[in-house]
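A.B. asks: structure here, sequence nowhere to be found:
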């Protein structure tokens, strides 16, 4: 676990990337086509490494502890080799008790937040695994905002209507209730849930996630954000393999 000397858990913000094991046929299936199942799994592994490397860089500038919130259970050995050194693991498979209104992926997100808070951190964020080029400063800003006095949340919205990051100081289950996951309404619905419980939601600058052919093409063409060297190498390899001999 990455932690600066003398820094207690109670003074830190945990950030956990939602890390599905990069298995062929199970990872990044929305990228198939244009990718094959094996190619999608390889790119998923690259995303995990670059995202957790970004977390590690952020942890050198802010009181952040990096995690991988993984699923399914028993796949630690498939996830761990693709993480930056010092990344801790927390299970987020959606099996922990949750209110009936929290369903699907929301149960995984809530379990990840609660699991990190249970380890004594003052705040916890869930982070998409589909943002390998996310600027490090977004994570630093999220942690510093959450660690300031007072209860609040932090939301990093995506261009497609979802969100790449949600950070909390308490595991407010209502933020995950009655959400139509994987739709363009996720961020707006989360904002509405926060208003319903009177939770101040501080917004980070938007970013984009890579979950379809159009966003994959954007990733290949764009140079903004973090360098994402492992992802760039994987994309270059895929491009070479796509050229007829």
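C.D. replies: Received it, and whenever you're ready, just let me know what you need. Everything quoted here is computed from the prediction, not taken from an experiment. Residues are numbered from 1 along each chain as shown.

A.B. asks: what's near enough to touch residue 182?
C.D. replies: Shown in contact with residue 182 (C-beta atoms under 8 Å, 6 or more residues apart in numbering): 105, 162. Placement of C-beta: from N, CA and C, glycine included.

A.B. asks: now it: how far from residue 129?
C.D. replies: Relative to residue 129, residue 182 is positioned 14 Å away (C-beta to C-beta, to the nearest Å).

A.B. asks: do a quick rundown of the helices in the protein.
C.D. replies: 37-59, 76-79, 105-117, 136-147, 186-196, 213-221, 229-242 (DSSP state H).

A.B. asks: identify whichever of those lies nearest to residue 28.
C.D. replies: helix 37-59 (3.9 Å; C-beta to C-beta).

A.B. asks: I'd like to know which elements the closest one is packed against.
C.D. replies: In terms of contacts (3 or more C-beta pairs under 8 Å, 6 or more residues apart in numbering; DSSP states H and E), helix 37-59 is packed against strand 13-20, strand 64-71, helix 136-147, helix 229-242.

A.B. asks: now it against helix 136-147, angle please.
C.D. replies: Between the axes of helix 37-59 and helix 136-147, defined by axes from the mean of the first three to the mean of the last three C-alpha atoms, to 10 degrees, the angle is 60 degrees.

A.B. asks: name the residues of helix 37-59 that are buried.
C.D. replies: Neighbour counts using 16 or more other C-beta atoms under 10 Å place 37, 39-59 of helix 37-59 among the buried residues.

A.B. asks: what is the mean pLDDT for that helix?
C.D. replies: Helix 37-59 shows a mean pLDDT of 96.

A.B. asks: any chance of the helices of the chain in a markdown table with distance to residue 9 as columns?
C.D. replies: Written out in a markdown table, the entries for the helices of the chain read as follows (distance: least, C-beta to C-beta, whole Å):
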| stretch | distance to residue 9 |
| --- | --- |
| helix 37-59 | 13 |
| helix 76-79 | 21 |
| helix 105-117 | 10 |
| helix 136-147 | 12 |
| helix 186-196 | 26 |
| helix 213-221 | 34 |
| helix 229-242 | 29 |
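
A.B. asks: nearest to residue 176, of the ones you listed?
C.D. replies: helix 105-117 (3.6 Å).

A.B. asks: which helices and strands sit right next to that closest one?
C.D. replies: Other helices and strands packing on helix 105-117, by 3+ C-beta pairs under 8 Å, 6+ apart, are strand 13-20, strand 64-71, strand 88-91, strand 123-127, strand 163-168.
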